[in-house]
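K.L.:
Pasting the sequence and the predicted coordinates here, then a few questions.
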Amino acid sequence: MLIAGFPAGAWGTNCYLVAPAAGEECVIVDPGHRAAPGVEEAIAKHRLKPVAVVLTHGHIDHVASVVPVCGAHGVPAWLHPRDRYMLSDPEKALGARIGAPLLGELTVGEPDDLRDLTDGAALELAGLTFTVAHAPGHTEGSVTFRLPERADIPSVLFSGDLLFAGSIGRTDLPGGDHAAILRSLARVCLPLDDSTVVLSGHGPQTTIGRERATNPYLAGLTGPDTAPDTAGGTQPPRQGM
């Protein structure tokens, strides 16, 4: 399996291109601010053919390039309906003004073909199966995408701004909910095998095992029905827009 990832734009948001191998169809995950040039570079380098864009949530740092990328390749995008409003009104999603210089760089609006994500859906795209888990807390429509284990390749979780190396997504923006993100972490992440590779929306990759052992926000989370309102330990700053 081929996964080409790079940080893009003012917020350093990770964009990923996922394919069974070089020279095949691919899926683009979270083409954010200024991501289009990097997407085109990866497509050319690995001889890929995009067939879809999938979005972990609607914040502008993850979706700013969805319209031009989808338009350039004539592909659909997938987003949870609870975050759909963010495409047309990114400042409402942040509860603050982005700023005229930066906003002028953004293509605001929906791609021509925008489809809804649902919890538990299995998207068959580019010869791969992306299992969707609704994971509210950072935003109401946040989701993760998981690729199953294959031969000697571990399972991969595209966690968006749910889980990071050593941290979790912030919950102080409109639609954020601290108790909800803890429940999502317990329901979506804790049941996964320790070997599962976590590719986050920001920062370096990690594994479920590493986060289970060291992430202070996961301390005290034992299962989907027992998530406390607060996590224990000394807590580093939360990440994401």
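P.N.:
Cool, got the structure. Numbering: from 1, shown residues only.
K.L.:
Please make it C-alpha for all contacts and neighbour counts, starting now.
P.N.:
Fine.
K.L.:
tell me the mean pLDDT over the helix of greatest length in the chain?
P.N.:
In the chain, with assignment by DSSP state H, the single longest helix is helix 36-46. Regarding helix 36-46, the rounded mean pLDDT is 97.
K.L.:
can you pull the contacts of the spatially most central residue of the chain?
P.N.:
The residue lying closest to the centre of the chain (C-alpha atoms, centre = their mean) is G160, at 2.5 Å. Applying C-alpha atoms under 8 Å, 6 or more residues apart in numbering to G160 gives the contacts 56-57, 142-144, 199-202.
K.L.:
The same query, at a cut-off of 10 Å, please.
P.N.:
G160 sits next to 13-15, 29-30, 55-57, 62, 135, 138, 142-145, 168-169, 198-202, 240 when contact means C-alpha atoms under 10 Å, 6 or more residues apart in numbering.
K.L.:
which outside residues touch the strand or helix carrying C26?
P.N.:
In the assignment (DSSP states H and E), C26 maps to strand 25-29. Identification of contacts with strand 25-29 by C-alpha under 10 Å, 6+ apart yields 2-5, 14-20, 39, 43, 47-56, 62-63, 66, 69-70, 75, 77-78, 125-128, 130, 145, 158, 160, 201.
K.L.:
one more time with 8 Å, if that's ok
P.N.:
With C-alpha under 8 Å, 6+ apart, strand 25-29 has contacts from 15-20, 48-56, 125-127.
K.L.:
Now the buried members of the residues you listed.
P.N.:
Using 16 or more other C-alpha atoms under 10 Å as the burial test, these include 15-19, 48-56, 125-126 as buried.
K.L.:
Identify, from those, the entry nearest to L94.
P.N.:
Nearest to L94 out of those is T56 (C-alpha to C-alpha; 16.1 Å).
K.L.:
Find me the pLDDT at the closest one, would you?
P.N.:
The model's pLDDT for T56 equals 98.
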